[in-house]
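Colleague: Sequence below, structure please.
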Amino acid sequence: MKLLYLIADGMGGWPLEELGGKTTMEAAHTPNMDELARTGAVGLAQTVPEGMAPGSDVANMALLGFDPAVYHTGRGPIEAAAQGLSLGPDDLVWRLNLVTVSKLTIDGAMRDYSSGHIASEISRPLVEKLQNKLGDETYTFYPGIQYRHLLVQKDGALTDDAHLFINPPHDITDKPIKLDLRAFSKSPHLWDLLFEAHEFLADRSNNRSAANSIWPWGQGRPLNLPDFKATNGLDGAVISAVDLIKGLGFASNMSVLDVPDATGLLDTNYEGKVKAALSFLEDHDFVFVHLEGPDECGHGGSARDKVEAISRFDARIVAPLREALKDEETAWIVTCDHFTPIKERTHTSDPVPFLLNGPGCPPSEVDGFSEKNAASGQKLDNGHELLAHALKIFGIR
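Modeller: You can find the predicted model right below:
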């Protein structure tokens, strides 16, 4: 049996007046997910434990079956695992965004957490220049993808910096940065680094992009996860455009499949992800396919784009996989990691809708896959139990 675990990041949301009281899931054209939900089981899973921030790091860790309350150390360490960084046990790994702020003062605001979705070919040289200019025996800059980069603070986990709370920049779009600057100011070295980077990026001879500041956040010690195959008995792979998902895969000894031109945006290489999944499943058991687009559209505050992203997920990920595997014994888990409501433009901790379709699943007979219909099914209070729950129903373990 082949098991497909399909994730539309941030797909869940709240009813919108502009959509006639529908959510973006309900407004999207999703005949494939609707049929899988109708002929399978539906439910809700609480992927974000109480007291933890509703981020993709926490929620996707839970979806892969690892309890975030036990294993999560921060966003940065997960992405460091994707890059295979050599880290000391007391190093502090920060996720580093290139952002656009109105001004880096207490009356400034976060204008864009992604610097206009800066392209990697522009951002990587910028981060390399920052390393050449500002890197030292304490701080090392590591370029990543688009606006997502890393900052490693040598032995920083032994300092008070480990306990600073800096808002994720996507949580404060068009909001003041005053509280975050106060937090940065508690670390004199980090404060200096922030303003030196701002000065460098503001110089048009160095940088002509929209990025005018760095934003370190999501810090933690290096990540350690159990072996996925030893835990679940499945030989699996992850497919995603973002280092966060790749890092979870590397850290749990899963295969990590690269797909050219996978962007994490509405326009991505859907066909390449499908091809990579099908190729891997020829000789293996399990694939975790992650699509970032709905989340990015939620952060952008566009209901139209988010509806389109969900529709494309159904038409260009779910549909071709179903068609290619129609003669194979397959089982399906389809869900999102968290809500990214258009009104909020950031993540929330609502329990997420999921569907299971395969052996052992009684038909739910709901009329479509949505937040409301999923609430008629089983509720899992611990989202990290969803995978084990599905494997038991499918008779895999």
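
Colleague: Mind listing what's buried along the host helix or strand of Arg312?
Modeller: Per DSSP states H and E: Arg312 is located in helix 303-313. Under the neighbour-count criterion of 16 or more other Cβ atoms under 10 Å, helix 303-313 has 303, 305-313 buried. (C-beta placed from N, C-alpha, C; glycine too.)

Colleague: The longest strand seen in the chain pairs with which strands, parallel or anti?
Modeller: Identified as the longest strand of the chain according to DSSP state E is strand 92-101. With DSSP bridges as the test, strand 92-101 is paired with strand 110-112 (antiparallel), strand 148-153 (antiparallel), strand 213-220 (antiparallel).

Colleague: Nearest to Ala53, out of these?
Modeller: Evaluated over the strands paired with strand 92-101, closeness to Ala53 peaks at strand 213-220, with 8.9 Å, by Cβ to Cβ.

Colleague: Specify the next element, helix or strand, located C-terminal of that closest one.
Modeller: helix 228-232.

Colleague: That next one - contacts with which helices or strands?
Modeller: helix 386-394 (3 or more Cβ pairs under 8 Å, 6 or more residues apart in numbering; DSSP states H and E).

Colleague: what comes into contact with the helix it packs on?
Modeller: Helix 386-394 is contacted by residues 1, 3, 5, 41, 45, 47, 62-65, 232, 234, 331, 333, 335, 354, 356, 358-361, 380, 397 when judged by Cβ atoms under 8 Å, 6 or more residues apart in numbering.

Colleague: Could you double-check that Leu16 lies in contact with Arg304?
Modeller: No: with contact defined as Cβ atoms under 8 Å, Leu16 and Arg304 do not form a contacting pair (10.6 Å).

Colleague: Might you list the low-confidence residue ranges for the stretch 1-150 of the chain?
Modeller: Residues of the stretch 1-150 of the chain meeting the criterion pLDDT under 70: none.

Colleague: quick one, strands of it?
Modeller: According to DSSP state E, counting those that start in this stretch, the stretch 1-150 of the chain carries its strands in the segments 2-8, 41-45, 92-101, 110-112, 139-145, 148-153.

Colleague: I'd like the ones you listed as a markdown table, with mean neighbour count and distance to Glu121 appended.
Modeller: Converted to a markdown table, the strands of the stretch 1-150 of the chain look like this (neighbours: other Cβ atoms under 10 Å; distance: least, Cβ to Cβ, whole Å):
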| stretch | mean neighbour count | distance to Glu121 |
| --- | --- | --- |
| strand 2-8 | 24 | 27 |
| strand 41-45 | 24 | 38 |
| strand 92-101 | 27 | 13 |
| strand 110-112 | 22 | 19 |
| strand 139-145 | 20 | 11 |
| strand 148-153 | 26 | 14 |
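
Colleague: Format those as CSV; extra columns: distance to Ala324.
Modeller: Shown next, in CSV, are the strands of the stretch 1-150 of the chain (distance: least, Cβ to Cβ, whole Å):
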stretch, distance to Ala324
strand 2-8, 10
strand 41-45, 23
strand 92-101, 36
strand 110-112, 38
strand 139-145, 28
strand 148-153, 31
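
Colleague: quick one: contacts of the host helix or strand of Val256?
Modeller: In the assignment (DSSP H and E), Val256 maps to strand 255-257. The contact list for strand 255-257 (Cβ under 8 Å, 6+ apart) reads 82, 236-239, 246, 249-250, 276-277, 280, 284.

Colleague: same deal with stretch 157-177?
Modeller: The contact list for stretch 157-177, computed with Cβ under 8 Å, 6+ apart, reads 53, 55, 75, 89-92, 97, 99, 101, 104, 106-114, 153, 156, 179-180, 183-184, 186-187, 190, 215-221, 299, 345-347.
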